[in-house]
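S.K.: one predicted model, sequence on top.
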Amino acid sequence: MRRVDHPLLSPSLGVQKTLSSFHYGHAGKGLKIYIQASLHAEELPGMLVAHHLRPLLEAAEAAGQVVSDIVLVPMANPIGLAQRVDHKPMGRFELDTSENFNRHYPDLAKAVFSTVRSQLGQDAQSNVRVVRQAMSAYLQAWTPKTELESLRRTLLLLSHDADVVLDLHCDCQGVMHFYTEETCWPQLEPVARLIGSRATLLAKASGNAPFDECLSGVWWKLADALKADGLDVPLPQGCCSTTIELRGEADVHDRWAQPDAQGIFSYLQYCGAIACSEKPVLPVALCAPTPLAGSETLYAPCPGVVVFNHEAGETVRKGELMVEIIDPIANTRTPLHAGVDGVFYAHIRDRYVTTGCELGKIAGSIPFRTGDLLGN
């Protein structure tokens with residue numbers, strides 16, 4: 001194992017934060033797998049999973065079983081991790097800009113299209129190498145102007161040439177669930193099984209340029225752009241990425257993190273990144289994939305105290321009472337009902353809301369939303 005520390009751009013005199021990456025196997029050998037945790041820095045379950053994953057990787061490396069290039073970033077956001085206001089962690093948005101740490105990544109397809117257009121031929125794997133080299137050159141030439149930009153650039157330099165990217169997050173309160181792009185689902189379906197995903201949400205460009213889609217989207221976007229430009233060249237899905245939501249923010253327990261780490265390790269064995277005598281048997285899927293465009297978000301129509309009528313993970317039917325908002329001054333209860341059938345996969349932790357706040361999400365099977373599909 002090799003540790004590399006990456007200093008970020010200093011935002012002020014006497015201050016410099018560092019991102020640390022851990023490298024297993026050999027760069028350029030076999031598949032490249034990139035795993036990071038807690039890009040939203042208050043989402044801590046991923047850090048504990050990374051803690052449990054490290055000894056598994058170290059033992060596999062010592063046994064000569066790592067036949068790939070595996071990069072683990074167990075804490076992907078030193079900026080957000082240091083942010084606190086009135087004793088409360090503030091790791092989702094950078095305080096200086098109010099930008100979400102998991103949004104606004106560059107459009108790499110747009111950045112490299114003019115470079116790769118004339119270099120691509122009929123060899124699919126050669127085309128993958130050309131695109132990765134162009135992405136590397138673009139990122140190397142990017143001069144970040146802020147600490148946040150330097151974090152984004154560093155994460156992309158570590159991950160842009162990965163075959164598989166696992167971005168470990170969690171919700172406020174929820175069950176294990178899984179976001180990925182439609183083109184990535186065939187390769188990543190085993191991950192969803194091995195970690196026990198209770199809701200799997202698929203999209204093609206969910207909007208606002210999150211980290212995972214920056215890496216997977218470049219491939220299908222380039223393929224579409226080349227086809228639209230009249231070029232008939234093979235370009236596979238060179239990177240399959242996913243955001244894995246490890247239940248809720250308070251679900252930081254060894255009894256969950258250890259099997260979660262084992263599930264990820266089993267996927268590394270299953271996909272051939274780690275050699276094993278017998279490929280792991282995939283468990284039965286706990287859910288069918290559903291479109292992210294079919295996920296209903298419940299919003300508060302008024303302020304008040306929140307009382308949920310269902311637990312996260314329960315299957316609900318359209319029309320069922322989901323939540324009531326209590327106004328103790330007017331002594332009223334405002335009900336909200338499910339607008340779709342599906343799994344109630346996540347909801348907020350707060351129990352007082354103002355008008356317009358998100359309350360919870362139901363994974364419906366019929367798409368009905370358009371535009372940006374991710375929340376703030």
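M.R.: Nice, I can see it. Please read these numbers as outputs of a predicted model, since none were measured by experiment.
S.K.: which residues in the protein form helices?
M.R.: With DSSP state H as the criterion, the chain has helices at 45-62, 78-81, 108-116, 124-141, 147-159, 185-195, 211-228, 254-270.
S.K.: show me what the second one is packed up against.
M.R.: Translated: helix 78-81. When contacts are defined as 3 or more CB pairs under 8 Å, 6 or more residues apart in numbering; DSSP states H and E, helix 78-81 sits against helix 147-159. Using the backbone N, CA and C atoms, a C-beta is placed for each residue, glycine as well.
S.K.: for the helix it packs on, packing partners?
M.R.: Helices and strands touching helix 147-159, by 3+ CB pairs under 8 Å, 6+ apart, are strand 18-25, strand 32-37, strand 69-73, helix 78-81, helix 124-141, helix 211-228.
S.K.: do that again at 10 Å, thanks
M.R.: If you count contacts as 3 or more CB pairs under 10 Å, 6 or more residues apart in numbering; DSSP states H and E, helix 147-159 packs onto strand 2-7, strand 18-25, strand 32-37, strand 69-73, helix 78-81, helix 124-141, strand 164-171, helix 211-228.
S.K.: and of the ones you listed, who's closest to I326?
M.R.: Closest approach to I326 among these is made by strand 164-171 (23.4 Å; CB to CB).
S.K.: list the buried residues for stretch 183-192?
M.R.: In terms of neighbour count (16 or more other CB atoms under 10 Å), stretch 183-192 has its buried residues at T183, C184, W185, Q187, L188, E189, P190, V191, A192.
S.K.: what do you get for stretch 252-263?
M.R.: Residues V252, W256, A257, Q258, P259, D260, A261, Q262, G263 are the ones in stretch 252-263 that count as buried (16+ other CB under 10 Å).
S.K.: what does the average pLDDT come to for it?
M.R.: Mean pLDDT, computed over stretch 252-263, is 99.
S.K.: hey, C-alpha coordinates of it in CSV?
M.R.: Output in CSV follows, covering the C-alpha atoms of stretch 252-263 (Å, rounded to 0.1, in the frame of the first residue of the first chain):
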residue,chain,number,x,y,z
VAL,A,252,-22.3,4.9,12.0
HIS,A,253,-22.0,1.4,13.4
ASP,A,254,-19.4,-1.4,13.1
ARG,A,255,-22.2,-3.9,12.8
TRP,A,256,-23.2,-2.3,9.5
ALA,A,257,-19.9,-0.9,8.2
GLN,A,258,-18.1,-4.2,8.4
PRO,A,259,-20.5,-6.1,6.2
ASP,A,260,-20.8,-3.1,3.9
ALA,A,261,-17.0,-3.1,3.4
GLN,A,262,-17.2,-6.9,2.8
GLY,A,263,-19.8,-6.3,0.2
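S.K.: residues touching it, excluding its own?
M.R.: Residues outside stretch 252-263 that contact it (CB atoms under 10 Å, 6 or more residues apart in numbering): 43-57, 168, 170, 176, 190-197, 244, 246-247, 251, 266, 280, 283.
S.K.: before we move on, back to that, right, and the helices and strands packed on helix 147-159 - which one's nearest L321?
M.R.: It is, among the helices and strands packed on helix 147-159 and with distance given as CB to CB, strand 164-171, at 21.6 Å.
S.K.: sounds good, over and out.
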